[in-house]
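> coords please:
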Amino acid sequence: MDGISAAISGIGVSAQGVALSAGNVANLNTDGYRARSLRQEDLPQGGVRSAGVAESQEPLNPGGSNVDLAAEAVSLDTRGLSYKADLTFLQVQQNVLGAALDMKA
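Predicted structure coming up:
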């Protein structure tokens, strides 16, 4: 897998992780709700993919969920940094390819 495909796969997994975190935060006060997290795996040829959703087995808070806001904040921050890194890589690749095409023309 080339770098561009690897970066695109990372962006997709980051977006899925953000969506799960958003759902967790939205259900913070939902009785019996268990926090969910995205399992991901590295691909042998490069990049990542979603390997499913895991449900937290932590004890539930009385009358609520087991969502940990601090953990969700860290997850969102980490996903945001990963997304930015992949996007920066794609922008650099666009500039390199543009420069190569300009030199060829």
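> helix or strand for the residue nearest the centre of the chain, which one?
Nearest to the mean C-alpha position of the chain, by CA atoms, centre = their mean, lies residue 14 at 1.8 Å. Assigned by DSSP states H and E, residue 14 belongs to helix 3-26.
> in this structure, which spans are helices?
Under the criterion DSSP state H, helices of the chain are mapped to 3-26, 69-104.
> Any chance of the ones you listed in CSV with distance to residue 55 and mean pLDDT as columns?
Where you see a C-beta, it was placed from the backbone N, CA and C, and this is true even at glycine. Listed next are the helices of the chain as CSV, based on distance: least, CB to CB, whole Å; pLDDT from 0 to 100:
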stretch, distance to residue 55, mean pLDDT
helix 3-26, 11, 95
helix 69-104, 14, 93
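> possible to save these as TSV with distance to residue 41?
Below are the helices of the chain laid out as TSV (distance: least, CB to CB, whole Å):
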stretch	distance to residue 41
helix 3-26	10
helix 69-104	15
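> circling back to that earlier point, just the CA atoms of the helix holding residue 14, as PDB, please.
In PDB, the C-alpha atoms belonging to helix 3-26 read as follows (Å, rounded to 0.1, in the frame of the first residue of the first chain):
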ATOM      1  CA  GLY A   3       1.600   6.300   1.600                       C
ATOM      2  CA  ILE A   4      -1.500   8.000   0.200                       C
ATOM      3  CA  SER A   5      -3.700   5.000   0.700                       C
ATOM      4  CA  ALA A   6      -2.300   4.500   4.200                       C
ATOM      5  CA  ALA A   7      -3.100   8.100   5.200                       C
ATOM      6  CA  ILE A   8      -6.600   7.800   3.800                       C
ATOM      7  CA  SER A   9      -7.200   4.600   5.800                       C
ATOM      8  CA  GLY A  10      -6.000   6.400   8.900                       C
ATOM      9  CA  ILE A  11      -8.300   9.300   8.300                       C
ATOM     10  CA  GLY A  12     -11.300   6.900   7.900                       C
ATOM     11  CA  VAL A  13     -10.400   5.000  11.200                       C
ATOM     12  CA  SER A  14     -10.000   8.400  13.000                       C
ATOM     13  CA  ALA A  15     -13.400   9.500  11.800                       C
ATOM     14  CA  GLN A  16     -15.000   6.200  13.000                       C
ATOM     15  CA  GLY A  17     -13.300   6.700  16.400                       C
ATOM     16  CA  VAL A  18     -14.600  10.200  16.700                       C
ATOM     17  CA  ALA A  19     -18.100   9.100  15.900                       C
ATOM     18  CA  LEU A  20     -17.900   6.400  18.600                       C
ATOM     19  CA  SER A  21     -16.600   8.900  21.200                       C
ATOM     20  CA  ALA A  22     -19.400  11.300  20.300                       C
ATOM     21  CA  GLY A  23     -22.000   8.600  20.900                       C
ATOM     22  CA  ASN A  24     -20.400   7.800  24.200                       C
ATOM     23  CA  VAL A  25     -20.500  11.400  25.300                       C
ATOM     24  CA  ALA A  26     -24.100  11.700  24.100                       C
END
